[in-house]
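# quick one, what's the 3D model for this:
(2 chains)
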Amino acid sequence: MPVDMQRIRELPALVRNPREMARHARSNVELWANILVIGGAIAFMLWQGAGFAVIVGTVFAIWAILSVSLNLVVGFTGLLSVGHIGFFGVGAYTMAILTSSPEYEQLRTEAIPTFGWPFFAALPVCALLAGLAAIIVGIVFNRFRDDIFVLVSFGFAIISFNVFLNWRAVTRGAFGIHEIARPEIGDWRFDGDVEFLLLCLAFLAVVMLISWFVVSSSFGRVLTAIREDEQAIEVFGYQATHYKLAVWVISAMMAGIAGGLFSSWTTFIDPNSFILLESVLLVAIVILGGLATIWGSLLGAMAFVLLEEGMRFIPFLPTEYIGQARQVVLGILLVLLMLFRPQGLVGRYRL
Amino acid sequence: MTSSRSGQTDYVLQTEAISKHFGAVRAVDELTLAIPRQGTTSIVGPNGSGKSTLVNLLSGVLPLDGGMVIIDGAGLRVVKAHETPDHGLTRTFQEVRLFDQITVWDNIMVVLTERRLFPALFERARPATRQKARDILEQVGMWDKRDSLAQDLSYGQRKLVEIGRALAMNVNTYLMDEPFAGLFPQMIERVKAIMKQMRTDGHTIVFISHNMEIVRELSDRIIVLDSGALLAAGEVEPVLNSEEVIEAYLGA
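Numbering: from 1, shown residues only, chains lettered A, B, ... in the order given. Okay, here's the model as predicted:
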């Protein structure tokens, strides 16, 4: 049978051109990732009812603030940091200590300073102190690159955990801090979970907006160039260390906000919330969602929380294994992701 | 910063006894040379004679082990890469170093925008800057490829974008490390045309090449290196026909 050239020419461009096909497939995966995760979230909400969904939603919002902020550093600037949880912890402890009042203090076995500040006065301080910590850490970190940087940030996560655990005069060490205040505006107390969820979502929106502002500016373009070739961008007149420090501090301040929200929401924190593993999970979320995409980080956090909470409902899984099982599942998921989709759910950039 | 804009010196680039050692290897050994203002100067020499190392030292990519570089009259014992544009210097790389996972457009834009950190944070691409980027991309013939990622281009196209990125810096002096290596004849012609245009525009070009035909065609002056030291310098034909140069190329 003779080949009908005319018909071949009339085939859609995407069938003839392999690159066109690849692009089409890519956008398809993105679309399906979005549908799957958001659809999953909605299905979960309908299935479990609003009450539980509100709680899960708050967990999601806090993880999402963290992952969006970390993506600025890991995805856009190419600094693979597993120390982000340290800044989250600084924010959480700042909130816990600044809002603690003398009344609660009498109940405590070990005295820590009390300030009795309201939530909304303490929250900016959470960001500021996390930023201050980031300046100090960042000046040291700026000396390192690539794999050495990962190791150093690893060290920071361990050091910050040990500070939380052992600086008992401030953090009460392993006892943790109880009775952390909920936000108040005048007489209106954010006691209800829905109100707190809305507060967290509002901050998530602000963090995403700031991130977008940063990455869409000339500054953001320089960050991506630093990620691609730090030495080359220096030749063109940029001091890469300054840019890296700046984005590091911005990111840490966002993590500080997340920490403040977290400790006020749980009303109890202890050093176990700020272990290295949490940091690694956070990096996993960022990679899962896709590097250098703000929306991807949001989606990654959503997928992670869904997976985490969804595991509770696997019928044959004994409750005591759930904690471990979700780490195993996340681990397997990451390996599969690196094998088949190294750019993450909606990402473009490969690590 | 000791940025000198005197413009009075005859030499745009000078080195005084600069050295660079890699372990026991003396890549550049107490090298003293001077590159005059304007025109095109080529650097030639056998493999391992220190040509690329010299360019890396001049542009601050490698730190000096000793000696002094004088760029546009400003003597520097430490050349900081991020300050070289202030001295009117930019470069291309031997192993094309584009920002791979961003678009061609952003590769050009990134060198056109604000250097200072806080203004950069609040800067969006201005129409004038966009127009400049467009002009550059049209000049090197890569306007059609502006939305491609740099890593998706062919080798020759990447070379062109890199030259465009250097052009976008709009400085006096361009160091070009092997701009013709690995290019097809057709591409070579395009790069040649761009370099001739740059020369006509009054820029100083310093380029490394192994292709003697191109060197003869483009250069006003030539510098021959051997084992990290200056072998000969001056007008093209006398230098290339001198005994020592022929010996270095054929005798070794």
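# for the rest of this, base every contact and every neighbour count on C-alpha atoms.
OK.
# regarding B:G234, what is its secondary structure?
At B:G234, secondary structure determined by DSSP: H, G, I helix; E, B strand; the rest coil is strand.
# so which residues on the stretch 151-252 of chain B come close to chain A?
B:M169 (C-alpha under 8 Å from any C-alpha of the partner chain).
# residue of the stretch 151-252 of chain B closest to chain A, please.
B:M169 (7.5 Å; C-alpha to the nearest C-alpha).
# tell me how many other residues surround the closest residue in space to that residue that isn't next to it in sequence.
Nearest non-adjacent residue to B:M169, counting by C-alpha to C-alpha, 6 or more residues apart in numbering or on different chains: B:V111, 6.4 Å away. By other C-alpha atoms under 10 Å in any protein chain shown, 25 other residues sit near B:V111.
# okay, now residue 180: neighbour count?
No chain was given, so I picked chain A. Using other C-alpha under 10 Å: A:I180 sits among 24 other residues.
# right idea, wrong chain: chain B
23.
# for A:C200, same thing?
A:C200: 25 neighbours (other C-alpha under 10 Å).
# hmm, the helix or strand harbouring it touching chain B?
If you go by DSSP states H and E, A:C200 is part of helix A:193-215. Yes: with C-alpha under 8 Å from any C-alpha as the criterion, chain B is reached by helix A:193-215 at A:V214.
# other SSEs contacting that helix?
helix A:18-71, helix A:218-228, helix A:240-266, helix A:294-310 (3 or more C-alpha pairs under 8 Å, 6 or more residues apart in numbering or on different chains; DSSP states H and E).
# contacts for it next, please.
Contacts to helix A:193-215, defined as C-alpha atoms under 8 Å, 6 or more residues apart in numbering or on different chains, come from residues A:54-55, A:57-58, A:61-62, A:64-65, A:68-69, A:72, A:76, A:190, A:220-221, A:223, A:254, A:261, A:265, A:294, B:121.
# can you check stretch A:336-346 too?
Stretch A:336-346 has contacts (C-alpha under 8 Å, 6+ apart) with A:29-30, A:33, A:287-291, A:293, A:295-296, A:300, A:349-351.
# in stretch A:203-211, what counts as buried?
For stretch A:203-211, the neighbour count (16 or more other C-alpha atoms under 10 Å in any protein chain shown) marks A:203-204, A:207-208, A:211 as buried.
# show the average pLDDT along stretch A:87-98.
Mean pLDDT, computed over stretch A:87-98, is 95.
# contacts for that stretch?
A:66, A:112-117, A:119, A:122-123, A:125-127, A:129-131, A:133-134, A:160, A:164, A:170-171, A:177, A:180-181, A:252-253, A:255-264, A:269, A:273-274.
# rewinding a little: mind giving me TSV with the helices and strands packed on helix A:193-215 and columns for mean pLDDT and distance to B:Q14?
Below are the helices and strands packed on helix A:193-215 laid out as TSV (pLDDT from 0 to 100; distance: least, C-alpha to C-alpha, whole Å):
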stretch	mean pLDDT	distance to B:Q14
helix A:18-71	86	44
helix A:218-228	95	30
helix A:240-266	96	27
helix A:294-310	91	48
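# so which residues of the stretch 1-150 of chain B form strands?
B:11-22, B:25-36, B:39-44, B:66-71, B:74-76, B:89-92 (DSSP state E, counting those that start in this stretch).
# do you know which of these lies nearest chain A?
Checking the strands of the stretch 1-150 of chain B against chain A by C-alpha to the nearest C-alpha gives strand B:89-92 as the closest, at 7.0 Å.
# what strands line up against the closest one, and which way round?
Partners of strand B:89-92 in the sheet, by DSSP bridges, are strand B:173-176 (parallel).
# kindly format the C-alpha coordinates of the strand it pairs with as PDB.
C-alpha atoms of strand B:173-176 as PDB (Å, rounded to 0.1, in the frame of the first residue of the first chain):
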ATOM      1  CA  THR B 173      36.800  44.900  26.500                       C
ATOM      2  CA  TYR B 174      35.600  41.500  25.600                       C
ATOM      3  CA  LEU B 175      37.600  38.400  26.400                       C
ATOM      4  CA  MET B 176      36.500  35.500  24.200                       C
END
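# how far away from the center of its chain is that strand?
Distance, stretch centre to chain centre, for strand B:173-176: 3 Å (C-alpha atoms, centre = their mean, to the nearest Å).
# and for that strand, what are the contacting residues?
Residues contacting strand B:173-176 (C-alpha under 8 Å, 6+ apart): B:12, B:55, B:88-94, B:166, B:203-208.
# tell me the mean pLDDT over that strand?
Mean per-residue pLDDT for strand B:173-176: 96.
# got the phi and psi for the residue in the stretch 101-250 of chain A positioned nearest to chain B?
Relative to chain B, the nearest point of the stretch 101-250 of chain A is A:G237 (4.0 Å; C-alpha to the nearest C-alpha). Here is the backbone geometry of A:G237 (degrees, to the nearest 10): phi 100, psi 10.
# who touches stretch A:178-185?
A:95-96, A:99-100, A:104, A:118-120, A:189-191, A:263-269.
# at the geometric centre of the chain, which residue do we find?
Going with chain A. Geometric centre of chain A, nearest residue: A:S67, 1.9 Å, by C-alpha atoms, centre = their mean.
# um, chain B though
With distances taken as C-alpha atoms, centre = their mean, the residue of chain B nearest its centroid is B:L175 (1.5 Å).
# hmm, the strand or helix carrying A:E234 in reach of chain B?
Assigned by DSSP H and E, A:E234 belongs to helix A:230-235. Yes: judged by C-alpha under 8 Å from any C-alpha, helix A:230-235 comes into contact with chain B at A:231-232, A:234-235.
# nearest to A:L281 among those residues?
A:Q231 (30.4 Å; C-alpha to C-alpha).
# per-residue pLDDT, the nearest residue to that closest one once chain neighbours are set aside?
Among residues not flanking A:Q231 along the chain, B:V61 sits closest, at 7.1 Å (C-alpha to C-alpha, 6+ apart). For B:V61, the model assigns a pLDDT of 95.
# hmm, B:V61 is touching B:A81, no?
Yes: the pair B:V61 and B:A81 qualifies as a contact (C-alpha atoms under 8 Å) at a distance of 5.9 Å.
# so between those two, which is more surrounded?
B:A81 (26 against 18).
# out of the strands of the stretch 1-150 of chain B, which is the most enclosed?
Ranked by mean neighbour count, the strands of the stretch 1-150 of chain B are led by strand B:89-92 with a mean of 27 (mean count of other C-alpha atoms under 10 Å in any protein chain shown).
# how far does that one sit from its chain's centre?
4 Å.
# dump the C-alpha coordinates for it into CSV.
Listed in CSV are the C-alpha atoms of strand B:89-92, where the atom choice follows Å, rounded to 0.1, in the frame of the first residue of the first chain:
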residue,chain,number,x,y,z
LEU,B,89,35.5,43.9,31.1
THR,B,90,33.5,40.9,30.2
ARG,B,91,34.1,37.5,28.8
THR,B,92,32.8,34.3,27.2
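# which residues are contacting that strand?
In contact with strand B:89-92 (C-alpha under 8 Å, 6+ apart) are residues A:235-236, B:59, B:84, B:162-163, B:166, B:169, B:171-177, B:179.
# for these, work out which two are farthest apart.
Greatest spacing in the contacts of strand B:89-92, by C-alpha to C-alpha: B:T84 and B:P179 (20.0 Å).
# neighbour count winner among the two?
B:P179 (25 against 22).
# wait, B:K80 touches B:G60, no?
Yes: counting by C-alpha under 8 Å, B:K80 touches B:G60, with 5.1 Å between them.
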